[in-house]
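> here is a sequence with its predicted model. Questions after.
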Amino acid sequence: MADQAPNVPAIVAPTSGTTLDYTLIQTFSWVFSDPDVGDTQSAFDFQYRIIGSGSWTTINSVSPNNFYQVAASTFVAGNYEWQVRTYDSVGTVGPWTPSNFFTAATTPTGLTITSPANNSTAGATVTLIWSDTAQTSYQVRRVGDISGNPDTGTVYYDTGEVFSTTTRSLVVSFPVSARYENLQVRIKNSGLWSAWSNVRLNVSYTQPSPGTVAVVANNANGSLQITTTPATVGYGEPTPVSVDIYVRVIGDPTVGIRIAAAQPPSGTYNWYAPASGVTYGIRTLTTGSNGAQRWSATVYVTGIDGGAPSGTTYIKNIDGGNPSSINSTSKDGGAP
């Protein structure tokens, strides 16, 4: 029986619409097919060209391999078409495949995370900010941490591909405190993804224990002497690093006026502006080493003639808790 020519090869990769990184070795592959049962490939012709150009670059290879590897940087940026045909065991050549099309491009570079800083402390949310030269889409994810390195097998959150040429920031939430996580972003441009950019974060937003506030009249100068004392640090709690002192008139629904900022957790502050006959609520906002904050209980005092208090103080035994839960605005704009 006469030998029959091979069939048109079936393309495996790359298929039409694929984008290839021309700086890497690229493999073109197919499946040999022949109407003669048991016949095999002995050689192939592989060719490619930029779409619209008149001439092909053709490679002839005596090989049973159903693939051809193009050396890195053979292509330049642009849109290409490619074809292949095969020879059977006695050298009979088959037809060319129809053209398959691909785009040659380079992996995006220049992606930089500008905020938050690597190895910084994250609260319940952070704003991830990155910069790059150009993007058509982006992807952000939170992954675990193993000995200071990203654990990509543990993905806590993933945006998937988000199509945007303009977005360069995203607010990311951290539902779990007291652990290290890695925040990652990558971008796509010209059909190719960049490498992941990564920052390691210490997620810690456990509130510090609030200290106590004591108020004593200083009759000599008509001031209120406010003494703050930090609480004992409990297990897993951050160390208090500073306190802000707030004063508000009784009945004031706002957080009041901040009269002192970034004071030592333990110390004394003199307030020289109490008015006669006015009842004030005085409390502190403690900031922990992780940046989390917490209100103290409130001490109420009433001023008398000359501005000194009546000498009677009492503590309202409630704890304002996390300042983020207060939906009012400070009179001086200094409330968190």
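On my side now, so go ahead.
> what kind of secondary structure is Val215 in?
strand (DSSP: H, G, I helix; E, B strand; the rest coil).
> give me the number of residues near it?
Val215: 18 surrounding residues under other CB atoms under 10 Å. Yep, even glycine has a C-beta here, placed from its N, CA and C like the rest.
> so it bridges to which residues?
Judged by DSSP bridges, the bridge partners of Val215 are Ile226.
> verify the stated contact: it with Ile226.
Yes: between Val215 and Ile226 there is a contact under CB atoms under 8 Å: 5.6 Å.
> ok, now how distant is Thr74 from Trp96?
Separation of Thr74 from Trp96 (CB to CB, to the nearest Å): 20 Å.
> if you could redo that for Ala231, that was the one I meant.
Separation of Ala231 from Trp96 (CB to CB): 81 Å.
> again, but for Ser289
70 Å.
> how about Tyr156?
Per CB to CB, Tyr156 is found 50 Å from Trp96.
> for the spatially closest residue to Thr239 that is not a sequence neighbour, grab phi and psi.
Nearest residue to Thr239, sequence neighbours excluded (CB to CB, 6 or more residues apart in numbering): Ser289, at 4.6 Å. According to degrees, to the nearest 10, the main-chain angles of Ser289 amount to phi -60, psi -20.
> state the pLDDT value of Ser289.
With respect to pLDDT, Ser289 scores 88.
> mind listing what it touches?
Neighbouring residues of Ser289 by CB atoms under 8 Å, 6 or more residues apart in numbering: 208, 238-241.
> what about the helices in the stretch 201-336 of the chain?
Under the criterion DSSP state H, counting those that start in this stretch, the stretch 201-336 of the chain carries no helices.
> where are the low-confidence patches of it?
Counting by pLDDT under 70, the stretch 201-336 of the chain shows low-confidence ranges at 303-336.
> correct me, but Pro108 touches Ile187?
Yes: the pair Pro108 / Ile187 is scored as a contact, 5.5 Å apart, by CB under 8 Å.
> now do the shared contacts for these two.
Residues touching both Pro108 and Ile187 by CB under 8 Å, 6+ apart: 132, 135, 193-194.
> got a markdown table for those residues, with distance to Ile250 and pLDDT too?
Below are those laid out as a markdown table (distance: CB to CB, whole Å; pLDDT from 0 to 100):
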| residue | distance to Ile250 | pLDDT |
| --- | --- | --- |
| Asp132 | 54 | 94 |
| Gln135 | 55 | 96 |
| Trp193 | 59 | 96 |
| Ser194 | 58 | 95 |
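> and which of these is nearest Thr18?
Minimum distance to Thr18 across these is 13.5 Å, recorded for Trp193 (CB to CB).
> quick check: beta-bridge partners of the residue lying closest to the closest one once chain neighbours are set aside?
Using CB to CB, 6+ apart and skipping the chain neighbours, the partner closest in space to Trp193 is Arg186 (5.5 Å). As for beta bridges, Arg186 partners with Gln139 under DSSP bridges.
> right, and Arg186 touches Asn198 too?
No: with contact defined as CB under 8 Å, Arg186 and Asn198 do not form a contacting pair (9.7 Å).
> who has more neighbours out of those two?
Set Arg186 next to Asn198 and count neighbours by other CB under 10 Å: Arg186 wins out with 21 against 16.
> run through the residues that contact the more buried one.
111, 138-139, 193-197.
> which neighbours do Arg186 and Asn198 share?
Shared contacts of Arg186 and Asn198, defined by CB under 8 Å, 6+ apart, are absent.
> where are the low-confidence patches of the stretch 1-150 of the chain?
Ranges of the stretch 1-150 of the chain meeting pLDDT under 70: 1.
> all the strands of the stretch 1-150 of the chain, in order from the start?
If DSSP state E, counting those that start in this stretch is used as the criterion, the strands of the stretch 1-150 of the chain fall at 10-13, 18-21, 26-31, 43-50, 57-61, 67-70, 78-87, 100-105, 112-115, 120-122, 125-131, 137-146, 149-158.
> pull out the buried members of the contacts of Ser289.
208, 238, 240-241 (16 or more other CB atoms under 10 Å).
> re earlier: joint contacts of Val215 and Ile226?
Jointly contacting Val215 and Ile226 under the rule CB under 8 Å, 6+ apart are Ile282.
> kindly list the main-chain dihedrals of Phe75?
phi -80, psi 160.
> quick one: neighbours of it, just the number.
21.
> hmm, it is touching Thr23, no?
No: with contact defined as CB under 8 Å, Phe75 does not reach Thr23; the gap is 9.3 Å.
> circling back: what about Pro108 and Ile187, which has more around it?
Ranked by neighbour count (other CB under 10 Å), Pro108 and Ile187 place Ile187 first, with 26 against 20.
> show me the contacts for the closest residue to that one other than its chain neighbours.
Distances taken as CB to CB, 6+ apart place Gln135 nearest to Ile187, at 3.9 Å, with adjacent residues excluded. By CB under 8 Å, 6+ apart, Gln135 lies in contact with 108, 164-165, 187-189.
> just those residues now: which is nearest Phe32?
Lys188 (34.7 Å).
> so which helix or strand takes in that closest one?
Counting by DSSP states H and E, the element that carries Lys188 is strand 179-189.
> what residues sit buried inside that strand?
Residues of strand 179-189 classed as buried: 180-189 (neighbour count, 16+ other CB under 10 Å).
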